[in-house]
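> below is the sequence, then the predicted model.
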Amino acid sequence: MKFNNINVHISKKAKIGNNVKIGDNTIIYDNVEIGDGSIICNNCILGEPLNAYYCGSEYENPPLKIGENALIRSHTIIYASCEIGENFGTGHRVTIRENTKIGRNCNIGTLSDIQGEVTIGDYCRLHSNVHIAQKAIVGNYVFMYPYSVITNDPTPPSDLIKGGIIGDYSVIGVHAVILPGIKVGENCLIGANSLVNRPVPDFTLVSGEAAKSIMDVRKIISLGGKGRHYPWMYHFEKGMPWAGTGFDTWIQGKQ
Amino acid sequence: MKFNNINVHISKKAKIGNNVKIGDNTIIYDNVEIGDGSIICNNCILGEPLNAYYCGSEYENPPLKIGENALIRSHTIIYASCEIGENFGTGHRVTIRENTKIGRNCNIGTLSDIQGEVTIGDYCRLHSNVHIAQKAIVGNYVFMYPYSVITNDPTPPSDLIKGGIIGDYSVIGVHAVILPGIKVGENCLIGANSLVNRPVPDFTLVSGEAAKSIMDVRKIISLGGKGRHYPWMYHFEKGMPWAGTGFDTWIQGKQ
Amino acid sequence: MKFNNINVHISKKAKIGNNVKIGDNTIIYDNVEIGDGSIICNNCILGEPLNAYYCGSEYENPPLKIGENALIRSHTIIYASCEIGENFGTGHRVTIRENTKIGRNCNIGTLSDIQGEVTIGDYCRLHSNVHIAQKAIVGNYVFMYPYSVITNDPTPPSDLIKGGIIGDYSVIGVHAVILPGIKVGENCLIGANSLVNRPVPDFTLVSGEAAKSIMDVRKIISLGGKGRHYPWMYHFEKGMPWAGTGFDTWIQGKQ
């Protein structure tokens, strides 16, 4: 249904891999490279030119590289100059701006807005409507939930930019705000609606306005009635590299 | 201006009612049924295929049914397998995912994101940018305001899903978050920015982080200077079935 | 790359200035006026008709006026009947509804949603995903950050509308909510996640739920380690009319 080659425009300077499907009304600009087996749905824009394109006549679009087996849903916009690993997925209407690096097996949900100059590791899941300001560094196996925000300007408005840092395996709840330059450690759980204004040590649950450290996540009794849930890697494996083997076996195999 | 039949693609397997207008650049996939008198604006996608479409060759698009007299504004995406009653309206860029059931006379605002497997009753109004996670059940005559969220995962990330429940006539304020599996009763008022982490009895105003019960909504003195406003059905009737007759007459006629 | 005249539809009743570029798949309806030197990217809709268009046969689209040198990014929708000054910029997927007036040198970020009947002054910067309800009045040199909201209904749902007012040079933080009819003075700083439920005097920092007045912004010690930052006009000039000369020289020249 989606791939009828209607109103599709692909630059002759783009490199499209084998077995790639491209949906109707999609635009692919100069110097985009798409890996084998990828599916690009309809109405997407890949390789959106940078601001310099509007200013001068000698603009050359920097490469956008997307790895193998991507599934990019409709209306997604990804700028030129980004680099994205294999098995990438998006929801609808995602915006990813310039110089963003995203590892492999990541998923970015509907309406999420990555402001550019952002680094995201492997196996991250950003749900709908996550906003990440420039210069953030997000680790691996990080989950971010709707309307969570990583900010970057400590004295708005200013020219000072301090990107946030999120450690591996951490979980950022709905509507949580990470203030500029704050480092969230590994295996943290940032509660819904939290305002995080100081560094968060590994394995910490924080919550509330001027988010207070509540407890060690390993002591949380699960509301789901299944005992302890954190570190979550022992209780959740869908799409993760330890699926089937368990986290301990997988992590030992890595070392 | 909008209906010039330019770049419109309608599946031969779609059933379009009488006097339906379809805007330019809109795509309607297999097995979509649109009721008489509906207006579908430009750049919409109706009957968006489910994930299985990308995986196998024998995919059959499940029906999307939209009742009579819909007004669906531009860039809206509605998945196959949904069922929506008469007099439905949307703002722009609404996303409604699979297996969602929406009653009659509902309105869903610009940028709202219904994640699928959601049930919404009659005469509900979701303003802009409402996010509803899977398995939520929203009653009738419910109002939800921008950036309000119904969540569903009590121990994120996990495979456990506990959808929220919102009772009839309740009002969910701007930026309010309903935590997973929480039941909000009937005639409740959830204040702006609230984080609702426990069940809310009928007729209750709650507010704040770890939202506290503040008072009975029937005791709220209106800031508008018109005395008491709640239950709101006695003071607001635009688009409601009791318009013209008053709520008491209407509710007695139903009994 | 963007301007290939593919699937572009421009009403014969639109007035397009000199040296205007219009991107592929863009629609420009009746009575839109675009100033010289403007760039309209792809997939935009300018002059979106008002609701009356769907109701009657004798509809005349009210004019949308956009000043010189606009840069409107892809997927932006601007309704008929709006008036926007020179040097206007938008991100992607911006929605601006009817009867909105925006001054000159303003910028409105990706996914922002201006609900109509809103007045915005000169040199304002709305970042991504700002929501402004009807009847708000935003002054000059105002900065609003992601997911900040100006609301308007004191007793939701009701027919009462009380728009918010934001004074010149004020800064509204991430996720801040201005409750209906509240006036924020000049040079204020509204902290992230604040819920502002009472008037804010000039030069005040407020923060928190039921946002408390914290201190005079002129006493804030900057986290950036550069001493005092507010009033910010002495420390930030990018795109502002005092760039190069300094704020004092500029403001004295105005008097």
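Yep, it's here.
> show me the contacts for residue A:66.
A:32, A:33, A:34, A:35, A:38, A:46, A:72, A:78, A:84, A:88 (C-beta atoms under 8 Å, 6 or more residues apart in numbering or on different chains). Every C-beta, even on glycine, is put in place using the N, C-alpha and C of the backbone.
> do the same with residue A:99
Counting by C-beta under 8 Å, 6+ apart, residue A:99 makes contact with A:81, A:82, A:116, A:117.
> closest to residue B:129 among these?
Distances from residue B:129 to these, taken as C-beta to C-beta, are shortest for residue A:116 (22.2 Å).
> give me the pLDDT for that closest one.
If you check residue A:116, the pLDDT there is 97.
> how much space separates it from residue A:80?
As defined by C-beta to C-beta, to the nearest Å, residue A:116 lies at a distance of 11 Å from residue A:80.
> do the same with residue A:115
Shown here: residue A:115 relative to residue A:80, a distance of 15 Å by C-beta to C-beta.
> related to what we said a few turns ago, of the contacts of residue A:99, which is the most crowded?
When neighbours are taken as other C-beta atoms under 10 Å in any protein chain shown, the top entry among the contacts of residue A:99 is residue A:82 (25 neighbours).
> what are the pairing partners of the helix or strand bottoming out on mean pLDDT in chain A, and which direction each?
Across the helices and strands of chain A, the lowest-confidence element by mean pLDDT, DSSP states H and E is strand A:212-216, at a mean of 74. Strand A:212-216 pairs in its sheet with strand A:204-207 (antiparallel), by DSSP bridges.
> pLDDT of the partner strand, averaged?
For strand A:204-207, mean pLDDT rounds to 89.
> wait, residue A:238 sits on residue B:159?
Yes: Residue A:238 lies in contact with residue B:159 (C-beta atoms under 8 Å); the separation is 6.6 Å.
> for the stretch 1-150 of chain A, which residues are neighbours of chain B?
Residues of the stretch 1-150 of chain A lying close to chain B by C-beta under 8 Å from any C-beta of the partner chain are A:1-2, A:4, A:6-7, A:24-25, A:39, A:42-43, A:71, A:74-75, A:91-93, A:110-111, A:125, A:128-129, A:143, A:145-147.
> generate a ChimeraX selection restricted to the buried subset of the residues you listed.
In ChimeraX syntax, the buried subset of the residues of the stretch 1-150 of chain A next to chain B is picked out as below (16 or more other C-beta atoms under 10 Å in any protein chain shown):
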select /A:1,2,7,24,25,39,42,43,71,74,75,91,92,93,110,111,125,128,129,143,145,146,147
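> in strands only, show me the residues of the stretch 1-150 of chain A next to chain B.
Counted as lying in strands by DSSP state E, out of those, are A:39, A:71, A:125, A:143.
> secondary structure element for residue A:53, which one?
helix A:52-55 (DSSP states H and E).
> okay, helices next: where are they in chain A?
Remark: helices assigned in chain A by DSSP state H are A:52-55, A:247-254.
> would you map the strands across the stretch 151-255 of chain A?
Along the stretch 151-255 of chain A, counting by DSSP state E, counting those that start in this stretch, strands occupy A:165-166, A:171-172, A:177-178, A:183-184, A:189-190, A:195-196, A:204-207, A:212-216.
> so does stretch A:116-131 get close to chain C?
Yes: contact of stretch A:116-131 with chain C (C-beta under 8 Å from any C-beta) involves A:129, A:131.
> distance from that stretch to the middle of the chain?
From the chain centre to the centre of stretch A:116-131 is a distance of 2 Å (C-alpha atoms, centre = their mean, to the nearest Å).
> got the CA coordinates for it in CSV?
C-alpha atoms of stretch A:116-131 as CSV (Å, rounded to 0.1, in the frame of the first residue of the first chain):
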residue,chain,number,x,y,z
GLY,A,116,21.1,18.6,17.1
GLU,A,117,24.7,18.1,18.3
VAL,A,118,23.4,15.3,20.4
THR,A,119,25.0,11.9,21.0
ILE,A,120,22.9,8.8,21.8
GLY,A,121,24.4,5.4,22.5
ASP,A,122,23.1,1.9,21.6
TYR,A,123,19.7,0.3,22.4
CYS,A,124,18.1,3.5,23.6
ARG,A,125,14.3,3.9,23.6
LEU,A,126,12.9,7.4,23.4
HIS,A,127,9.1,7.3,23.6
SER,A,128,6.8,9.9,22.2
ASN,A,129,7.6,13.6,22.5
VAL,A,130,11.0,13.5,24.1
HIS,A,131,12.9,16.8,23.7
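> the nearest residue to residue A:81 once chain neighbours are set aside: how many residues sit nearby?
Nearest residue to residue A:81, sequence neighbours excluded (C-beta to C-beta, 6 or more residues apart in numbering or on different chains): residue A:62, at 3.9 Å. Number of residues near residue A:62 (other C-beta under 10 Å) recorded here: 17.
> let me know the outermost residue of chain A.
Most distant from the centre of chain A: residue A:57, at 32.6 Å, with distances by C-alpha atoms, centre = their mean.
> excluding sequence neighbours, find me the nearest residue to residue A:253.
residue A:245 is the one closest to residue A:253 (C-beta to C-beta, 6+ apart), at 7.9 Å.
> how much space between that neighbour and residue C:79?
55 Å.
> the two: who's more crowded?
Neighbours were counted for residue A:245 and for residue C:79 using other C-beta under 10 Å; residue C:79 has more, 24 against 13.
> let's have the contacts of residue A:99 in TSV, adding distance to residue A:187.
Below are the contacts of residue A:99 laid out as TSV (distance: C-beta to C-beta, whole Å):
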residue	distance to residue A:187
A:81	32
A:82	28
A:116	28
A:117	26
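> which of these lies closest to chain C?
residue A:116 (10.9 Å; C-beta to the nearest C-beta).
> surely that closest one touches residue A:79?
Yes: Residue A:116 lies in contact with residue A:79 (C-beta under 8 Å); the separation is 7.0 Å.
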